[in-house]
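*Asks:* My questions are about this predicted structure, shown below with the sequence.
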Amino acid sequence: MSASHLTYIGRAAAVGFFAAAVLASSQEAGAARLGPLAPFAGYYRGGGTVIGSDGHRERLRCRASGSVGAGGDAMSQEIVCASDSYRFDIRSRVVAQGGAVHGVWQEASRGVSGELHGRVSNGYFRGYVVGAGFNAGVSLRARGRHLTFGLRPQGADVASVEVYLSR
C-alpha cells in the first residue's frame, strides 16, 4: 500500500469515528430529553403471584399498558391481573417533576381510588398509594423488554403481589 492510500484510510477511519461519536451523542441527548417515565411506555404480558394475608399463594395472569406524554414526564398506565380468586384492575395517571412523582390511581374491581406518590430514577419507581381505607407500597421497574410490578397492601386480604411482564 502506498502512503497516500494509508492516509486516505486513516482519514476515513477518523471521519467514521467522528460520525459515530456525533450519532452516539445525539442519541444520548435524545434519551436525556425523555422524561423519567418514558421507560414504562408500551404493552406487556406475563404473570406473577398474589399472596393472601393468610399465606395462600395463587398464580396470576397479567397484562399492562402504559402511554407516556409530555416528553416522558406524564404517564397513564393500566395493570390487569387475574387468578381463580383475585382480580386487579389498576389504573393510574401520574406526572413526574424531577424525580418526584404524584398522581391518582383507581382499582376498578374493588372500587377504591386515591393518590399515588413516590420517586422515579433510571426506570425504577418506588412509592405508595393511599385512598379511603387503603394504603400500599408500590414499585415498578422497567429494564429493556421487561417490567416488574410489586404491591404491598397494609391491612388487606392481600399481603403482596409480584408481577413479571415482557413485551
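*Replies:* Right, received. Where do you want to start?
*Asks:* List the buried residues in the lengthiest strand in the chain.
*Replies:* Ordering each strand of the chain by length in residues (DSSP state E) puts strand 57-69 first. The neighbour-count check on strand 57-69 (16 or more other C-beta atoms under 10 Å) flags 60, 62, 63, 64, 66, 68 as buried. Heads up, the C-betas are built off the backbone N, CA and C, glycines and all.
*Asks:* what's the answer for stretch 114-129, then?
*Replies:* Those would be 114, 116, 118, 120, 123, 125, 127, 128, 129, for stretch 114-129 by 16+ other C-beta under 10 Å.
*Asks:* Excluding sequence neighbours, find me the nearest residue to the most centrally placed residue in the chain.
*Replies:* Geometric centre of the chain, nearest residue: residue 40, 3.2 Å, by C-alpha atoms, centre = their mean. Leaving out its chain neighbours, the residue that sits closest to residue 40 by C-beta to C-beta, 6 or more residues apart in numbering is residue 66, at 4.6 Å.
*Asks:* for residue 163, same thing?
*Replies:* Residue 163's closest residue in space is residue 48 (C-beta to C-beta, 6+ apart), at 3.5 Å.
*Asks:* what residues are up against the one you found?
*Replies:* Residue 48 makes contact with 59, 60, 62, 81, 149, 161, 162, 163, 164, according to C-beta atoms under 8 Å, 6 or more residues apart in numbering.
*Asks:* Among those residues, find me the one that's closest to residue 105.
*Replies:* residue 149 (12.5 Å; C-beta to C-beta).
*Asks:* close enough to count as contact, residue 91 and residue 67?
*Replies:* No - applying C-beta atoms under 8 Å as the test, residue 91 and residue 67 come out as separate, 11.7 Å apart.
*Asks:* Check the contact lists of the two and give me the overlap.
*Replies:* Common neighbours of residue 91 and residue 67 (C-beta under 8 Å, 6+ apart) are 76, 77.
*Asks:* Could you list the low-confidence segments of this structure?
*Replies:* For the chain, the stretches flagged by pLDDT under 70 are 1-33.
*Asks:* which residues in it form strands?
*Replies:* Here the chain has its strands, by DSSP E, at 42-52, 57-69, 74-82, 87-97, 100-107, 112-121, 124-131, 134-143, 146-153, 158-166.
*Asks:* The second one to strand 134-143, inter-axis angle?
*Replies:* The reference is to strand 57-69. For strand 57-69 against strand 134-143, the angle by axes from the mean of the first three to the mean of the last three C-alpha atoms, to 10 degrees is 70 degrees.
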